[in-house]
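K.L.:
Output the structure for:
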Amino acid sequence: MGQEVAGQEVTVLGAGVAGLTAALALARRGFAVTVMEQADAIREVGAGLQISPNAAVVLRALGLGAALDAAQGRAEAVQLCDGLTGETVLRMDLLRLRPSQGYHFLHRADLIEMLSTAARAAGVQIRLLQRIETVDLSGDRPRLVTAQGAEIAADLVIGADGLHSKTRAALNGAAQPVFTHQVAWRAILPETPGVAQQAEVHMGPGRHLVSYPLRGGRMRNIVAVEERRAWVEEGWTLRDDPMEMRLAFERFSPRVRGWLDQIEDVHLWGLFRHPVADVWQRVLPKGAAVILGDAAHPTLPFLAQGAAMGIEDAFVLARELAASPPDQALPRWQALRRPRCARIVAAANSNARAYHLAGPLRGVAHLGLRLGGAINPGFALSRYDWLYGHDVTL
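P.N.:
Okay, the predicted model is just below:
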């Protein structure tokens, strides 16, 4: 039996993927939800993301199946390539090997628009220009202090406020991220409609590049990663000279160099390894606070699960809060989510090493992938059944 939730007030910090999904899921269950967003509009930098089956089932459960299908981003395959020669190392045919599972390529802005439109239709209030400088959990209720000095007393605060979460800091203290000595460039370029809906991973010594089409093949997303010693700041706002990226991948195949030659605008950011938070929630005498998504478990972009984990988090959190009061729901939610998210973060760390092999080990690994794909085409995908086959809506 669920508890009575009609009209219970929830304040969500951040209008990103995790925050908007949480707002939508909670509003659909009867909560009165307000989203506080620091920007002056709901927008996202131009970038692509992958929605794997474990996230797609949540979006469909929230009534966004038609919008997801209309985005024209159903993935057909994932292809691992030798970055230097362009030769295929392993092709995973998703339509044949996993016909019942939906893998999708989406422009991040399209997903944000999809979620914000549905959230507003469900009654969510989205307040812009609300930069929260302090989350204070020392009293009976969570207290928020804005950049303008205004104080807001909240009942339940959900910190979906990203890598530099004020809510996480209030729960855990300051985090100590570690630079991985890897940097990533992100860019989008025009594409000819009708290209194959497949993700390509081009692997080379000390670097790799991931690419896939967006918006029905009208655009192409590029994420290129290089190992380097020099520190680069964390975040997506730092622009770089496209020539730096071209030089980093000058030994790669003509296909990759052809993409990079078209890029005129590129962002660069340093990749940092953050610890999974120890404390995700706190119940106070007259309120509670909880973190989800990147605020709780930042991950490296080597398994394409950042957005997916936040989407899963949001659905499970809404379900638990609808079933029990916060003092029961929040500890149970952390117990459900933390082990799975920690495993995903660890798997992403492992992929980073596998993509950048050099010397004889690289040749051995590629041969093993080729032979494995020939003998058992579904084996590589089956290794991640625990991830992609997981359905939090059941």
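
K.L.:
can you give me the strands for the stretch 251-394 of the chain?
P.N.:
Taking DSSP state E, counting those that start in this stretch as the test, the strands found in the stretch 251-394 of the chain are 266-273, 281-284, 287-291.

K.L.:
hey, which of those strands is tucked in deepest?
P.N.:
Of all these, strand 287-291 has the most neighbours on average by mean count of other C-beta atoms under 10 Å, namely a mean of 27. All C-beta atoms are positioned from the backbone trio N, CA, C, and that covers glycine.

K.L.:
which residues are in contact with that strand?
P.N.:
Defining contact as C-beta atoms under 8 Å, 6 or more residues apart in numbering, one finds that strand 287-291 is touched by 135, 137, 140-142, 154-161, 165, 167-168, 170-171, 277, 280-282, 317, 326-327, 330, 333.

K.L.:
Would you pull up how far stretch 90-101 lies from the middle of the chain?
P.N.:
In terms of C-alpha atoms, centre = their mean, to the nearest Å, the centre of stretch 90-101 is found 22 Å from the chain centre.

K.L.:
average pLDDT across it?
P.N.:
Stretch 90-101 shows a mean pLDDT of 88.

K.L.:
Stretch 133-141 now?
P.N.:
Averaged across stretch 133-141, pLDDT comes to 95.

K.L.:
Ok, stretch 147-158 next?
P.N.:
Mean pLDDT, stretch 147-158: 91.

K.L.:
repeat for stretch 212-223
P.N.:
Per-residue scores along stretch 212-223 average to 93.

K.L.:
Restricting the selection to alpha carbons, write that stretch to PDB.
P.N.:
Provided in PDB are the C-alpha atoms of stretch 212-223 (Å, rounded to 0.1, in the frame of the first residue of the first chain):
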ATOM      1  CA  TYR A 212      27.200   8.200 -34.000                       C
ATOM      2  CA  PRO A 213      24.500  10.100 -36.000                       C
ATOM      3  CA  LEU A 214      21.800  12.300 -34.500                       C
ATOM      4  CA  ARG A 215      18.400  13.600 -35.600                       C
ATOM      5  CA  GLY A 216      17.800  11.000 -38.200                       C
ATOM      6  CA  GLY A 217      21.300  11.300 -39.700                       C
ATOM      7  CA  ARG A 218      21.300  15.100 -40.200                       C
ATOM      8  CA  MET A 219      24.100  15.500 -37.600                       C
ATOM      9  CA  ARG A 220      27.000  13.500 -36.300                       C
ATOM     10  CA  ASN A 221      28.200  13.400 -32.700                       C
ATOM     11  CA  ILE A 222      31.900  13.200 -32.000                       C
ATOM     12  CA  VAL A 223      33.600  12.500 -28.700                       C
END
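
K.L.:
List the buried residues for that stretch?
P.N.:
Neighbour-count burial for stretch 212-223 flags Y212, P213, L214, R215, G216, G217, M219, R220, N221, I222, V223 (criterion: 16 or more other C-beta atoms under 10 Å).

K.L.:
Next up, identify which helix or strand the last one is on.
P.N.:
Counting by DSSP states H and E, the secondary-structure element that holds V223 is strand 219-227.

K.L.:
Which other helices and strands does that strand contact?
P.N.:
On a contact count with 3 or more C-beta pairs under 8 Å, 6 or more residues apart in numbering; DSSP states H and E, strand 219-227 meets strand 104-107, strand 178-190, strand 207-214, helix 242-248, helix 254-262.

K.L.:
Most tightly packed of these?
P.N.:
strand 207-214 (a mean of 25).

K.L.:
In contact with the residue lying closest to E151 once chain neighbours are set aside, which residues?
P.N.:
The shortest distance from E151 to any non-neighbouring residue, by C-beta to C-beta, 6 or more residues apart in numbering, is to V145 (5.5 Å). Contact criterion C-beta under 8 Å, 6+ apart gives I132, E133, T134, D136, E151, I152 as the residues in contact with V145.

K.L.:
quick one: which of the helices and strands packed on strand 219-227 is nearest I375?
P.N.:
strand 207-214 (24.8 Å; C-beta to C-beta).

K.L.:
Distance from the chain centre to the closest one, please.
P.N.:
Centre-to-centre, strand 207-214 and its host chain are 16 Å apart (C-alpha atoms, centre = their mean).

K.L.:
Mind listing the strands it pairs with, and their directions?
P.N.:
In the sheet, strand 207-214 lines up against strand 198-204 (antiparallel), strand 219-227 (antiparallel) (DSSP bridges).

K.L.:
Tabulate the ones you listed in CSV, adding columns for distance to A67.
P.N.:
Below are those laid out as CSV (distance: least, C-beta to C-beta, whole Å):
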stretch, distance to A67
strand 198-204, 21
strand 219-227, 18
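
K.L.:
Looking at those, which is nearest to D385?
P.N.:
Going by C-beta to C-beta, the one of those nearest D385 is strand 198-204, 18.3 Å.

K.L.:
For the chain, which segments count as helices?
P.N.:
17-28, 53-61, 65-70, 94-97, 108-121, 166-172, 242-248, 254-262, 306-323, 326-355, 359-375, 379-382, 385-388 (DSSP state H).

K.L.:
Which strands and helices lie in contact with the first one?
P.N.:
Meaning helix 17-28. If you count contacts as 3+ C-beta pairs under 8 Å, 6+ apart, helix 17-28 packs onto strand 9-13, strand 32-36, helix 108-121, helix 306-323.

K.L.:
Figure out which of these is closest to F179.
P.N.:
Among the helices and strands packed on helix 17-28, helix 306-323 comes nearest to F179, with 18.2 Å by C-beta to C-beta.

K.L.:
Put the alpha carbons of that closest one into PDB.
P.N.:
The C-alpha trace of helix 306-323 is given here as PDB (Å, rounded to 0.1, in the frame of the first residue of the first chain):
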ATOM      1  CA  GLY A 306      25.700   9.000 -17.200                       C
ATOM      2  CA  ALA A 307      22.200  10.000 -18.300                       C
ATOM      3  CA  ALA A 308      20.900   6.500 -18.100                       C
ATOM      4  CA  MET A 309      21.800   6.100 -14.400                       C
ATOM      5  CA  GLY A 310      20.100   9.400 -13.600                       C
ATOM      6  CA  ILE A 311      17.000   8.300 -15.400                       C
ATOM      7  CA  GLU A 312      16.900   5.000 -13.500                       C
ATOM      8  CA  ASP A 313      17.600   6.900 -10.200                       C
ATOM      9  CA  ALA A 314      14.700   9.200 -10.800                       C
ATOM     10  CA  PHE A 315      12.100   6.500 -11.400                       C
ATOM     11  CA  VAL A 316      13.100   4.400  -8.400                       C
ATOM     12  CA  LEU A 317      13.200   7.400  -6.100                       C
ATOM     13  CA  ALA A 318       9.700   8.400  -7.100                       C
ATOM     14  CA  ARG A 319       8.400   4.900  -6.700                       C
ATOM     15  CA  GLU A 320       9.900   4.600  -3.200                       C
ATOM     16  CA  LEU A 321       8.700   8.000  -2.000                       C
ATOM     17  CA  ALA A 322       5.200   7.200  -3.200                       C
ATOM     18  CA  ALA A 323       5.200   3.900  -1.300                       C
END
